[in-house]
Every structure is written in C-alpha cells, then in structure tokens.
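Student: Here's a sequence, model it:
(one chain, ligands or ions: 1)
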Amino acid sequence: MSEQFSRRDFLKLAGVGAATTAILTGCGPASRYVKREPYLQMPEYNYNGQSTYYATTCRECAAGCGLVVRTSQGRAIKTEGNANNPLNLGKTCARGQATLQGLYNPDRVTDPVKRASRGSASTEVVEWDAAIQVVADALKNNKPEEIAFLMGTAPDHLFDLVSDLAKATGINAPVRFGALGMFDARATLSKAAENLFGQASLPFFDVGGAQVVFSFGANFLETWLSPVSYTRGFAGLREAKTKLRGKFVQFESRMSQTGAKSDEWVPLRPGTEALVALAIGKLASEIRNVSAPAFEGVDPLDVASKSGIKLETLEHLAEMFAGSNGALAIPGGPALGQSNGLAVAEAVLALNAISDNFGKPGGVYLSALAPNQSEYQRPASAQEMQEFIQKMADGKIKVLFVHGVNPLFELPASLGFGEASKSVSQIISFATFPDETALEADYVFPDHHGLESWGYQRVATGSAQSVLSGSQPVVSPFYNTRATADVLIAAAQLAGDKFAAALSLC
Ligand code: SF4
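Tutor: Below you'll find the predicted structure:
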C-alpha cells in the first residue's frame, strides 16, 4: 500500500479521540464514572499484559453459580461460568455477566456513614472503629429479643454466622426474605416437600434427564429457583444426540416465556391446577395400573368442566405421561402463589409417584441435609413477613440489622414496612448501594461487593449433587467498605460476654 499510516498520524488521531472523550465525559452521565488510574505498584499476582483468573461464586442471586473471573492488572474484566461447578457447568445468565456493572457502579456506598435523619441524603462519614462500636452497643444495650436481622435469601457464610450468634445469645433467628423468592414460591414448595417427603427442602427437578416434562406454572426459562441450571436442563431435554428429543408441556393461565417454548401449551382457569394434576394422575395411574390413593375420588369429567380443559385433552396428556419411562412433573411460579398453592404443589409432586422418579435421573431430588436445614431451605413467606412487620410496629424490635435485601422496595407497600420501621429505634444497613431501605436507615456500614469478598454459599437447589461453592476476592476492595462478617465478629468481641463467646475465633 502506498498510503502508510504514520506514527504522527496515529498521534493526531489519538488527540481527536482524547478530545472527543473529554467532551463526552464532560457533558453526559459518563462524567459520573470513576476514573481508574493504572496502578503504579501492581497488586500481588498481577503482571502487565497477563490475565489472572479467579474462581468464585456469583452473588447476583441466591442460586450460587460458580464463576471464573478474568482480571488484568488488578481489574476484573470479564466473568464466565465455572465449568467445574455442577450447577451451571460453565455458563451464566445475564445477571451473572452484569455483576461487573455492580462492582464498578459509581453509586456504591463508599464509606461507613451516619445519616443526619432517616430519609435524609445528608450523611456523615464515620471511622470503621466507630462503626463497629455502634454495632457492639446495639448488641450489648438491648435485650436479645429486641434485636433482629433481616437478610437476603442466599444461604451463605454470613447467614451461618448470624444463625450461630442468634443461637448462642438468644437474639431473634435471622429472617430471610427476597421478592424473587416470593415469586418463586419457595416457601410453599418447601412446605409441600416437607408434607410429602418429611424434609423441608427445595426439590431439584432433573429436566435434562427426563423424557416428558409437565410444568404447572414453573417459569424456569425466565427466572425460577436456579435459572442457569434449568436453562441447561432444558437444553438437555431437547438434546437429541444421546436420546429421543424430550417433550415439554406447560400448564398456565398466561403464556410465559417458558410456555412459549413448549410443545403443548395448555391454558387453564387460574386456581384449577391442583384439580388438573389430580385428574391426570387418576387417568395415568389407571393406564399404568398402579394403585395411587392420592388420586382416588377424582372425577376427570368434573375437572374438565371446572378447568376449561377438554376431557379428551386430559386423556391425551395422561397417556403421554403414563406412556413415558422418564416423565417429570414440576409445580412452580404463579400456580403456587394462589390461596390453594400448597395443594397445587402437593398434587403436582404426587404425579411424580406414577413415574417412580424420586432420587433418579430425570426425576425429583431433595438437596442433601445441611446444618440449619429448615432455615436454609425456607425463606420467610409473605405471612411470616407480615408477622415480622407487626412485631416491628408493636415496638418489640428495637434494633434492626438489614443485609442483602431491600424490604422497603421488595415488600408490597400494603404490608406497611415503612410505617412499622418508625417504631424501630435503630436501623443499621449493610447495603452496598444506597437502596430505599438504606436511605431510611440510621447507619449504613457497606459490605464489600461479591467480587471483593471471601465466603461460601450452600446451594439450596439446582443440582442433584450437594454443592458448597467458595467465594474469594478477585480484586482488592475499591472503596472503604468492610466485610459484614468481619464487622459482626469485631463488634461481638467488643460487646464481650456471651457475644464474644458466640463468635470466638479461637
Ligand atoms: S443464576 Fe447463576 S449466574 Fe445468574 S445471577 Fe444467579 S447465581 Fe448468578
């Protein structure tokens, strides 16, 4: 080529680029973004031009997928799924990919702060020693029954720590809540498993190993219990290389993304899901000639008229379910959110007895028993949250610690969390971001971002295996934040007596 691009040309172009960048960052929202200078002294294990990879756990939802994060010169650059984690086998969902957005978000809480008054944007930065003293005083100067922890749904190291603290000192057991968990109907599903199997676990449904899957409302291709695990499972169901391409039937009143991917979408009247499951169970057990007391006394014709599903359709579906050696039935989502949700969950789980698939590939698994089993598996239901809020309103809770959940935003306003919080003398938030609840807290003592943290997470559901996924920092903390576990341990030592004994490090 005759026209060579000279170094001088390049420098001229670079100058234009710099000017453009300056204009963009000066005028738009990009100006709010943090300017990151190159390290003068490189963090340990980082070398110019070389990537370093760290395995950790995604903290964007409670599923607990494994991540491998590529870092370069001390900065996290890209997340990918950890291929060795049986939950997600090398994949992530969009939120897992976006976890870097949280890490670099300019709106993070950068220092421990004391708020001038609740709801006020005016805050005063406090030293961490003073912050720990505030937590220690809150523990020491109140009766144990007046101290409460409200936490997110992730069954992690912090939940273990607070549970141990509660058991040893008599403070209230941590209450776990998340709006997503409520939409997943985790509490109802877990209760149904307890009633049927005697174990309050969140079941895992091995969609990938099944041949025929009937889902009653479970929207598992959008977000449900363990989104990546179920998306991978669905890919396995459709995989035709090693077995016949599996069939999928979705029962629901409103077509979901999952329903849109089904072979047969069966619309029914809301609230009749349990009846439909029982009718299919009755017809299928007759075809298979198995005795199934759960389905006795069910009249499929009556169910057809109540549900809006023709009797011939019910018979066809029963034949499909009974005719497969790998049939699986899943209850979930809106179907369990109705007043008869528990009956729906039990009726659909009972369908699996016809295909005798409990604990078998393509069937239903209960996660292995863990310490604090019931607390792990069953976040608070809406009713339990209502009782908790009532305790707050009655002035029975004097100190409220909030971590990993934003109740002012996530709970329906009609439950009155905001009003009840006025009766709580002191609210201490450990939020990473200034969310609605943190804005109404007296103090915000920010935890590290998940990619800056040590810890572990027990996987409540999403795999036939029992999984404990470790977390490690992939970057040094960017701000003056501190791990909430460390804050609580230090505060317990300061509070002394039973608190120090409960979280003794020796
Ligand atoms: S499903 Fe997995 S990758 Fe997606 S947000 Fe949850 S833990 Fe992260």
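
Student: what about Val303, how many residues close to it?
Tutor: By the criterion of other CB atoms under 10 Å, Val303 has 23 neighbours. C-betas here are computed from N, CA, C, even on glycine.

Student: Likewise for Arg269?
Tutor: Neighbours around Arg269, by other CB under 10 Å: 13.

Student: Contact partners for it?
Tutor: Neighbouring residues of Arg269 by CB atoms under 8 Å, 6 or more residues apart in numbering: 253, 306-308.

Student: What pLDDT does the model give it?
Tutor: As predicted, Arg269 sits at a pLDDT of 96.

Student: And for Ala274?
Tutor: 96.

Student: which SSE is Asn352 in?
Tutor: Using DSSP states H and E, Asn352 falls within helix 341-354.

Student: which among the contacts of Arg269 gets closest to Ala277?
Tutor: Ala277 lies nearest to Ser307 out of those, by CB to CB, at 10.2 Å.

Student: Any chance of the backbone angles for the closest one?
Tutor: When read as degrees, to the nearest 10, the backbone of Ser307 gives phi -90, psi -20.

Student: In contact with Ala94: list those residues for me.
Tutor: For Ala94, counting by CB under 8 Å, 6+ apart, there are no contacting residues.

Student: which is the next helix or strand following the helix or strand bottoming out on mean pLDDT in the chain?
Tutor: The weakest-scoring helix or strand in the chain, judged by mean pLDDT, DSSP states H and E, is helix 7-27 (a mean of 40). Tracing the chain past helix 7-27, the next element assigned as helix or strand by DSSP H and E is strand 51-57.

Student: and Gly418, what element?
Tutor: helix 417-421.

Student: Pull out the buried positions in that helix.
Tutor: 417-418, 420-421 (16 or more other CB atoms under 10 Å).

Student: Can you show me the helices along the stretch 151-300 of the chain?
Tutor: Remark: helices assigned in the stretch 151-300 of the chain by DSSP state H, counting those that start in this stretch are 157-169, 179-184, 186-197, 227-238, 257-260, 273-288, 300-307.

Student: where among those helices is the average confidence lowest?
Tutor: Mean pLDDT, when computed for each of the helices of the stretch 151-300 of the chain, is lowest for helix 179-184, at a mean of 85.

Student: Where do the domain boundaries of the protein fall?
Tutor: Residue ranges for the domains of the chain, per automatic domain parsing: 33-106+454-479, 113-178+380-447+482-502, 182-366.

Student: Out of the ones you listed, the one nearest the ligand is which?
Tutor: Nearest to the ligand among those is domain 33-106+454-479; the distance by CB to the nearest ligand atom comes to 2.7 Å.

Student: what's the host helix or strand of Leu488 packed up against?
Tutor: If you go by DSSP H and E, Leu488 is part of helix 484-495. If you count contacts as 3 or more CB pairs under 8 Å, 6 or more residues apart in numbering; DSSP states H and E, helix 484-495 packs onto helix 128-140, helix 157-169, helix 497-502.

Student: What residues sit buried inside it?
Tutor: Quick answer for helix 484-495 (16+ other CB under 10 Å): 484-485, 487-492, 494-495.

Student: do stretch 326-339 as well
Tutor: In stretch 326-339, counting by 16+ other CB under 10 Å, buried: 326-338.

Student: next one: stretch 74-89
Tutor: Quick answer for stretch 74-89 (16+ other CB under 10 Å): 74-76, 79-82, 85-89.

Student: got it, and stretch 250-264?
Tutor: 250-253, 256, 258-259, 262.

Student: As a markdown table, these with distance to Arg186 would be great.
Tutor: Shown next, in a markdown table, are the buried residues of stretch 250-264 (distance: CB to CB, whole Å):
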| residue | distance to Arg186 |
| --- | --- |
| Gln250 | 20 |
| Phe251 | 20 |
| Glu252 | 19 |
| Ser253 | 21 |
| Ser256 | 18 |
| Thr258 | 17 |
| Gly259 | 21 |
| Ser262 | 23 |
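
Student: how about the residues of the stretch 101-250 of the chain near the ligand?
Tutor: 227-228 (CB under 6 Å from any ligand atom).

Student: list the contacts for Ala304?
Tutor: 279, 310-311, 314.

Student: can you check Leu328 too?
Tutor: 205-207, 210, 212-214, 352, 355, 357, 362-364.

Student: Which of the buried residues of stretch 326-339 fall in strands?
Tutor: Mapping those onto strands (DSSP state E) picks out 327-331.

Student: isn't Ser307 right up against Ala277?
Tutor: No - assessed by CB atoms under 8 Å, Ser307 is found out of contact with Ala277, at 10.2 Å.

Student: Which of those two has more residues huddled nearby?
Tutor: More crowded of Ser307 and Ala277, by other CB under 10 Å: Ala277, with 29 against 24.

Student: Contacts only, for that one.
Tutor: 216, 329, 331, 344, 347-348, 350-351.

Student: quick one on the thing from earlier: inside strands: which ones of the contacts of Leu328?
Tutor: Going by DSSP E, the strands hold 205, 212-214, 364 from those.

Student: Quick check: the farthest pair among these?
Tutor: Among these, Val212 and Val364 lie farthest apart (CB to CB), at 14.0 Å.
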